[in-house]
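Participant: Here is my input, please return the structure:
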Amino acid sequence: MRILLLCSAFNGLTQRAWLALRREGHEVSVELAVSEQAMVEAAELAKPDLVICPFLKERVPAALWQGHRTVIIHPGPPGDRGPSSLDWAIVDAEPEWGVTALQAVEEMDAGPIWGYRVFAMPSEPPRKSALYNGPVSDAAVELVVEV
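Facilitator: Next up is the predicted model:
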């Protein structure tokens, strides 16, 4: 498949997703989400079969998700919506947390769910970076390959 990874940064998670998809034999391109126009143009140029957003802080423009199947990797379990999910999970001492793959629609984090993973939270409050770079990234990469 031709897959476009659309991201806010080519961070460790995005790099892991890129490598995992390439190992699966997919043709993968990466575009930074610097503007709505750049996101739409990237999809027009790449002509992807699928757009995956492993790390995206920006809203996906309607012109993109209406024209290309777009899946968001959200660092929260099914039903969790909005920014700062990991922060709230840590502050609220959630016993478990998760990562959800969902299709982009008009309302943020509200589209059909393609898959999810849950994991136990550490008993001691974790550093956000340790949580993100550990169980969140592991679950996210599994979902990216599954999607």
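Participant: tell me the contacts of Lys128?
Facilitator: Lys128 is in contact with Leu86, Asp87, Ile90, counting by CB atoms under 8 Å, 6 or more residues apart in numbering. Glycine gets a C-beta too; all of them are placed from N, C-alpha and C.
Participant: neighbours around the residue nearest to the last one when sequence neighbours are not counted, how many?
Facilitator: With CB to CB, 6 or more residues apart in numbering as the criterion, Ile90 has its nearest non-adjacent residue at 5.6 Å, and that residue is Pro125. The local packing of Pro125 (other CB atoms under 10 Å) involves 12 other residues.
Participant: Could you verify my assumption that Pro125 touches Ala93?
Facilitator: Yes. Using CB atoms under 8 Å, Pro125 is in contact with Ala93, at 6.8 Å.
Participant: Just send the contacts of Lys128 back as a markdown table, with pLDDT, secondary structure and distance to Arg69 too.
Facilitator: Below are the contacts of Lys128 laid out as a markdown table (pLDDT from 0 to 100; DSSP: H, G, I helix; E, B strand; the rest coil; distance: CB to CB, whole Å):
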| residue | pLDDT | secondary structure | distance to Arg69 |
| --- | --- | --- | --- |
| Leu86 | 90 | helix | 26 |
| Asp87 | 91 | helix | 30 |
| Ile90 | 92 | helix | 32 |
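Participant: In terms of distance to Ala42, which of these ranks first?
Facilitator: Closest approach between the contacts of Lys128 and Ala42, by CB to CB: Leu86, at 26.9 Å.
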